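> my questions concern the predicted model and sequence given below.
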There are 2 protein chains.
Amino acid sequence: MATKQAVTANATDRFLNSDLATDIEFLTARTRALGSARANKLLTPLGLKVRSYSVLSLACSGLAPTQRELAEFLSLDPSQIVPLVDGLEQAGLVERTADPADRRSKVITGTAAGARLYKKARAATAEGETVTMSKLSESEQETLRDLLSRVAFCAE
Amino acid sequence: MATKQAVTANATDRFLNSDLATDIEFLTARTRALGSARANKLLTPLGLKVRSYSVLSLACSGLAPTQRELAEFLSLDPSQIVPLVDGLEQAGLVERTADPADRRSKVITGTAAGARLYKKARAATAEGETVTMSKLSESEQETLRDLLSRVAFCAE
DNA sequence: CTTAATGATTGACATTTTCAAGTATTTACG
DNA sequence: CGTAAATACTTGAAAATGTCAATCATTAAG
């Protein structure tokens, strides 16, 4: 079996020199698929997914995001934020508060229970990230983080 | 208006120091969202999307991928490959051939028309990538590509 | 030769994405 | 002030995507 595998290369190896394998678009998609599958698996026992975790994280950040800001930052449609916050709110993890300065906006803040769960969830995703990045040294991981932020937060 | 914008920071800037903004999972998701929106826009005039482009790319690579290999490499379920190949096949861009060595497998190869379209599509996505990566120097882009491949093709 | 495993396909179902329209509120401007 | 335009959230519908189990044809294993 092991020898057979060595002879019949798997797709991942076979296409390593294809055009696609050098395409940033493709590499980010594949990295994300790997990472988010892993993260979702680790978050499931906590009743979260990558999406709800992201909302919870910002809700617990102390930065008092509005739903519009959540949509913008998470690259989602504003209408997608509604059920995400609904779920977290019904679970008692976050609260919607009308912004006194602009009552159209609703500020999302984490509750005490939300903060407790976030702490655990953050540990879970950190563990997933460790696995995902295990092929890179610490300094390479920092480099990757830096390069990706510069691309991801490009003003356009 | 311009002054107002400067005072009221947008979400992207406001959350730059949040936990999430240093999360690789999140950074890859956001980078991918930016990049794939851009790529899809450039591919639309050619009748392609990022997905069908990826299949076409491998079909035209000369590496004769089977559908199972496409699924594996593109992080998709095998059943998702079927309609993707259907579409390209109906457009005369690729062909399904039963693998003589294993007639369960179907090898996907690009037609002449497929190769012509792929050439244009590749130029389009390359242009998108140039825009997406414009904040990075050439050597930084190479570093990013290298680090991402090592994560994306991690054996697990 | 029989059984188990694999690759493609289909169909059912859930989730996610995308949009357009509606309500409440705020901003811009005459 | 008062009206019109813009903004934030919400709703709902339609399309696209993801997930999974079952089926058929073929191959591999015993």
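Thanks, I have the structure now. Residues are numbered from 1 along each chain as shown, chains lettered A, B, ... in the order given.
> how about the residues of chain A that lie near DNA strand D?
A:4, A:37, A:66-69, A:71, A:78-79, A:81-82, A:85, A:96, A:102, A:104-106 (C-beta under 7 Å from any atom of the strand). (C-beta placed from N, C-alpha, C; glycine too.)
> and these near chain B, which?
The residues of these that also fall near chain B, by C-beta under 8 Å from any C-beta of the partner chain, are A:68-69.
> narrow the residues of chain A next to DNA strand D to those in strands?
Judged by DSSP state E, those include A:96, A:102, A:104-106 as members of strands.
> could you work out the most separated pair of those residues?
A:Arg96 and A:Asp102 (14.0 Å; C-beta to C-beta).
> contacts only, for the spatially most central residue of chain A.
Residue closest to the average C-alpha location in chain A (C-alpha atoms, centre = their mean): A:Val50, at 5.0 Å. A:Val50 sits next to A:36, A:39-40, A:43, B:25, B:29 when contact means C-beta atoms under 8 Å, 6 or more residues apart in numbering or on different chains.
> for DNA strand C, what are the nearby residues on chain A?
Residues of chain A lying near DNA strand C (C-beta under 7 Å from any atom of the strand): A:49, A:51, A:76-77, A:79-80, A:102-104.
> switch the cut-off to 10 Å
A:1, A:8, A:10-11, A:36, A:40, A:49-52, A:71, A:74-84, A:87, A:98-105 (C-beta under 10 Å from any atom of the strand).
> quick one on the thing from earlier: compare A:Arg96 and A:Asp102 and say which one has the larger neighbour count.
Neighbour count, other C-beta atoms under 10 Å in any protein chain shown: between A:Arg96 and A:Asp102, A:Arg96 has more, with 15 against 10.
> shouldn't the more buried one be in contact with A:Lys106?
Yes: counting by C-beta atoms under 8 Å, A:Lys106 is a contact partner of A:Arg96 at 4.6 Å.
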